[in-house]
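mind looking at a prediction? Sequence and model below.
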Amino acid sequence: MTYQDRLGHIPADHYWREDVLAAEIEHVFKPSWLCVGFVRDLQNDKDFITAQIGPHSIVVQNFGGELKAFRNVCSHRFSKIQCGKGNRILQCPYHGWTYDDFGKPIGVPLNKQSFGLDETDKVALSLESYELETVGHFVFVRMKRGGPSVAEFLGSFYDDLKHVSEICPDHFEQESYDWAANWKLGMDNAAEGYHVPLVHAESFGLILSIDLKISTDAEHSRYVGHLKERSLKWWGQVAKSIRLEPSERYPQYGNFLIFPNIVVTFSAGAFLTFQTFEPTGPQTLRIHSTSWLARNNGRAARGMVIDSLKAFSAQVRNEDRDICAVAQFGTRDAPPERPPVLGELEGRIAHFQQAYAKRMESVI
């Protein structure tokens, strides 16, 4: 096989062009089921979360136990309605327009004197609504209506997400990080273990063998692999000290890429990390990362285990952040239409890029 047979499907200029990002929002992100947050943050009436997908803001709100998703922009003068996450009615902070669970403005201050809106007008001014489904811990929203259900979209990963949610109920970290890299570089990096021995020589490389078995399901992919002896020994001690109840489905290491922008890692059947890679610009991204632990006895040793996991995760994440920034600089200097060369250990990148290219076909 020549190197020509190993060329990827995303040319270098797709990692920095403004028009490419705009097309990705329309053709990759809007038609996909996107994870925008977690059920745990939406337990009570009036709880809300928000998410940003390119220029688009999404709000998910609890209305008396029912979750609804809307474009997070007031119909009056386009202010964001909710910011961050919290608990309040769906009310614009600028002029107080208030919306119901259908997105209709039911409270318009000084309506009679200033606007004279009747019910027909209010219906016409309703917020754009989005499709919403939940899977285990996770809240999924689709901005463009129509297409497969979330179960059909996820395929075998639907059951995987339900499984890891059941196994890992102990939430212990939720953070966001900004990287100086295109979102696709982040996904490419997460898709392969080829860089592990060099970039993570003093972290991930010490615990993970790179004999990873790749499998695919529609646009998504997974690999499973083996933890090294030192890691298995550490997890064995942890299991005894806090009485962990790990999964037998992925007893060592599993990594899932859910198209377009979700990365799930599951270690020792007991440590779940769930990340979304959101574009904030052509050359920047924001990673939302959440970590969970399997059921345990919650005793004092749990704190030490969690501190160790946090420190390790931060080291690996920072190493990836730095190398992705270096790679981003390279994409600006590479021949614009030149795709990458992908080896056997980068098979999941090839699969991700094929799915991407199909979505973007004839667009750019």
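That came through, no problem.

show me the contacts for residue 86.
Residues near residue 86 by CB atoms under 8 Å, 6 or more residues apart in numbering: 47, 48. C-betas here are computed from N, CA, C, even on glycine.

which secondary structure element contains it?
strand 85-87 (DSSP states H and E).

and that strand, how far out from the chain middle?
Computed by CA atoms, centre = their mean, to the nearest Å, the chain-centroid distance of strand 85-87 equals 20 Å.

what pairs with that strand, and is each one parallel or antiparallel?
When pairing is defined by DSSP bridges, strand 85-87 lines up against strand 47-53 (antiparallel).

look up how far residue 94 lies from residue 77.
7 Å (CB to CB, to the nearest Å).

correction: residue 45
Residue 45 is 24 Å from residue 94, where distance means CB to CB.

tell me the secondary structure at the residue nearest in space to the middle of the chain.
The centroid of the chain falls nearest to residue 276 when counting by CA atoms, centre = their mean (1.9 Å). Taking DSSP: H, G, I helix; E, B strand; the rest coil as the rule, one finds residue 276 in the strand state.

check contacts around residue 307.
By CB under 8 Å, 6+ apart, residue 307 has no neighbours at all.

mind pulling up the pLDDT for it?
Looking at residue 307, its pLDDT stands at 96.

pull out the buried positions in the helix or strand that contains it.
In the assignment (DSSP H and E), residue 307 maps to helix 301-333. Buried residues in helix 301-333, counting neighbours by 16 or more other CB atoms under 10 Å, are found at 301-302, 305-306, 309, 312-313, 316-317, 319-321, 323-324, 327-328, 331.

quick one: the strands in the stretch 151-300 of the chain?
Residue ranges of the strands in the stretch 151-300 of the chain, as given by DSSP state E, counting those that start in this stretch, are 170-179, 213-217, 220-225, 253-258, 262-267, 271-281, 284-293.

so what secondary structure elements neighbour the first one?
This points to strand 170-179. Packing contacts for strand 170-179, counted by 3 or more CB pairs under 8 Å, 6 or more residues apart in numbering; DSSP states H and E, involve strand 284-293, helix 301-333.

average pLDDT across the helix or strand following the last one?
The element immediately downstream of helix 301-333 (helix or strand, assigned by DSSP H and E) is helix 347-360. Model confidence over helix 347-360, given as mean pLDDT, is 97.

what is the burial count for residue 7?
The tally of other residues near residue 7 (other CB atoms under 10 Å) stands at 15.

so it touches residue 342, yeah?
Yes: taking contacts as CB atoms under 8 Å, residue 7 lies within contact range of residue 342: 7.4 Å.

on that earlier part again, select, out of the helices and strands packed on strand 170-179, the one closest to residue 20.
Minimum separation from residue 20 across the helices and strands packed on strand 170-179 (CB to CB) falls at helix 301-333, 11.4 Å.

that closest one to strand 170-179, inter-axis angle?
Angle of helix 301-333 versus strand 170-179, following axes from the mean of the first three to the mean of the last three CA atoms, to 10 degrees, is 20 degrees.

just want the angle from helix 301-333 to strand 262-267.
For helix 301-333 against strand 262-267, the angle by the same axes, to 10 degrees is 140 degrees.

from residue 279, how far out is residue 122?
Counting by CB to CB, the gap from residue 122 to residue 279 is 34 Å.

cool, and residue 57?
14 Å.

residue 188 - nearest residue in space that isn't next to it in sequence?
Spatial nearest neighbour of residue 188, excluding adjacent residues (CB to CB, 6 or more residues apart in numbering): residue 349 at 5.0 Å.

need the contact list for the one you found.
By CB under 8 Å, 6+ apart, the contact set of residue 349 is 8, 188, 191, 192, 340, 342.

and residue 57 and residue 279? Which one has more around it.
Each of residue 57 and residue 279 has its neighbours counted (other CB under 10 Å); residue 279 has more, 24 against 17.

do you know which of the strands of the stretch 151-300 of the chain lies nearest residue 241?
Closest to residue 241 of these, according to CB to CB: strand 284-293, at 12.6 Å.

what comes up buried for that closest one?
For strand 284-293, by 16+ other CB under 10 Å, it's 285, 286, 287, 288, 289, 290, 291, 292, 293.

and that strand, what does it pack against?
So strand 284-293, by 3+ CB pairs under 8 Å, 6+ apart, packs with strand 170-179, helix 183-190, strand 271-281, helix 301-333.

as a markdown table, those with distance to residue 359 would be great.
Shown next, in a markdown table, are those (distance: least, CB to CB, whole Å):
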| stretch | distance to residue 359 |
| --- | --- |
| strand 170-179 | 23 |
| helix 183-190 | 12 |
| strand 271-281 | 14 |
| helix 301-333 | 20 |
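
quick one, which of those is nearest to residue 157?
Smallest distance to residue 157 across those (CB to CB): 12.0 Å, for strand 271-281.

pull out the buried residues from that closest one.
271, 272, 273, 274, 275, 276, 277, 278, 279.

look up phi and psi at residue 294.
Note on residue 294: its backbone torsions stand at phi -60, psi 160 [degrees, to the nearest 10].

again with residue 259
According to degrees, to the nearest 10, residue 259 has phi -70, psi 140.
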